[in-house]
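Trainee: what's the 3D shape of this:
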Amino acid sequence: MLSRNTIMGNRISIVIPTKNEERRIETLLKSIRDAKFRGEVIVVDANSKDKTRYIAKKYRATVIDEKPPHSLPSARNQGIDASVGDVVILLDADNEITKNFFARLREGKNWDALRLKEIKAQDTFIEKIYSLRSFRREYSAIPYIFRREILEKIKFDPSLGLREDVDFFSRVSKLKIRVRNSNAAIIVHSIHTFDEMVRQMKWYGRTSLAAFRKSGDFRIFGILAFIILPALFLQVPFWLKALSLPMWLYEVYLFARSKSVVGVLFPAFDFIRSLLFLIGILESAFAKRTSR
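Mentor: Numbers count the residues shown, from 1 in each chain. Next up is the predicted model:
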């Protein structure tokens with residue numbers, strides 16, 4: 001019988017980057033413990049000022065200090081380098097795994113990377129809005145689990161924040177690896193409070209310029225279109241109205257699909273997020289601030 005700390009005989013390591021995650025990290029670590037995992041859990045901490053490190057150690061995780069350059073992808077790289085597993089699971093502090101997680105992982109065969117089933121948490125009002133506005137997909141767009149030999153060939157770009165996972169997987173895909181869908185499920189918690197939303201969107205804005213310089217993808221700035229939504233009601237050039245109209249139609253679509261009165265808040269919600277995103281861009285351009 002295989003150890004519960006292995007997949008097909010391969011040792012497992014779990015890597016979790018953190019920064020002031022005391023409200024999240026215990027839920028994740030408890031779910032890992034409840035899933036009967038007793039293997040290596042590495043927490044890469046960016047000088048947390050709260051009880052993050054204390055909680056991680058309480059659950060017997062190995063805590064290492066994040067070294068410069070301080071960024072989420074850099075923390076992942078450092079955790080991967082410090083781990084010893086043949087298989088590495090990359091989780092965020094706001095994730096949570098299900099009790100049968102590792103049993104489901106063992107069902108898969110002939111893979112190099114695994115996408116997981118994602119369950120959108122709806123514990124708070126803001127999480128419900130995020131859940132309603134996100135497109136439904138059964139499996140994660142980006143794998144959470146990789147064999148070590150892949151992670152030794154391809155690293156996360158430490159200069160990125162926004163879409164760092166997309167950039168990473170686009171380079172991994174060129175290796176022509178076997179990516180499979182797993183029946184293992186993960187619960188994804190989005191931001192719980194308005195304050196968390198402010199910090200998240202400003203951080204996305206601060207790192208968007210670096211992401212654009214690398215990818216050249218203008219869709220990175222798509223959320224800024226919501227700033228000019230009111231232009232539909234003003235005397236502005238036609239091109240500005242034409243740019244705004246598709247965004248309005250998208251919001252109408254979200255509202256119709258949600259079948260919920262919460263959908264009425266989508267335009268206001270995205271307008272606020274776009275303003276915060278713009279503030280983040282200005283912080284990176286004038287204050288040279290990019291850290292999370």
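Trainee: how many neighbours does Leu282 have?
Mentor: Other residues near Leu282 number 13, with proximity taken as other C-beta atoms under 10 Å. Bear in mind the C-beta positions are built from the backbone N, C-alpha and C, glycine included.
Trainee: which residue packs closest to it, ignoring adjacent ones?
Mentor: Closest residue to Leu282 apart from its sequence neighbours, by C-beta to C-beta, 6 or more residues apart in numbering: Gly205 at 7.8 Å.
Trainee: Low-confidence regions, the stretch 151-292 of the chain specifically.
Mentor: By pLDDT under 70, the low-scoring segments of the stretch 151-292 of the chain are 192, 228-245, 247-248, 250-267, 287-292.
Trainee: where exactly do the strands run in it?
Mentor: For the stretch 151-292 of the chain, applying DSSP state E, counting those that start in this stretch gives strands covering 179-188.
Trainee: Can you give me the first-to-last residue distance of stretch 101-116?
Mentor: 10 Å (C-alpha to C-alpha, to the nearest Å).
Trainee: chain center to that stretch, what's the gap?
Mentor: 20 Å (C-alpha atoms, centre = their mean, to the nearest Å).
Trainee: what's next to that stretch, contact-wise?
Mentor: The list of residues contacting stretch 101-116 from outside it, by C-beta atoms under 8 Å, 6 or more residues apart in numbering, reads 2, 4, 7-8, 12, 35-37, 98, 139-147, 150, 172, 177-186.
Trainee: For ChimeraX, write a command that selects the buried ones of these.
Mentor: This is how ChimeraX selects the buried members of the contacts of stretch 101-116, with burial counted by 16 or more other C-beta atoms under 10 Å:
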select :7,12,35,37,98,139,140,142,143,144,145,146,147,172,177,179,180,182,184,185,186
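Trainee: Could I get the full set of helices for this protein?
Mentor: 25-34, 52-58, 72-82, 101-105, 125-133, 148-153, 164-173, 194-215, 238-258, 266-286 (DSSP state H).
Trainee: what angle do the third one and helix 164-173 make?
Mentor: Which is helix 72-82. On the basis of axes from the mean of the first three to the mean of the last three C-alpha atoms, to 10 degrees, helix 72-82 is oriented at 50 degrees to helix 164-173.
Trainee: Surely Ser284 and Leu209 touch.
Mentor: Yes: taking contacts as C-beta atoms under 8 Å, Ser284 lies within contact range of Leu209: 5.6 Å.
Trainee: And the pLDDT for Tyr130?
Mentor: In this prediction, Tyr130 carries a pLDDT score of 68.
Trainee: Also the one 10 residues further on?
Mentor: Reading off the per-residue confidence, Ser140 sits at a pLDDT of 91.
Trainee: Backbone dihedrals for it, please?
Mentor: Backbone torsions of Ser140, given as degrees, to the nearest 10, read phi -60, psi 150.
Trainee: Give me the distance between it and Ile119.
Mentor: 11 Å (C-beta to C-beta, to the nearest Å).
Trainee: Packed most tightly, which of the helices of the chain would that be?
Mentor: Stretch with highest mean neighbour count among those: helix 72-82 (a mean of 21; mean count of other C-beta atoms under 10 Å).
Trainee: quick check, distance from it to the centre of its chain.
Mentor: Averaged over its C-alpha atoms, helix 72-82 has a centre that lies 15 Å from its chain's centre (C-alpha atoms, centre = their mean).
Trainee: go on, stretch 142-160?
Mentor: That offset, for stretch 142-160, works out to 14 Å (C-alpha atoms, centre = their mean).
Trainee: Right, I'll leave it there.
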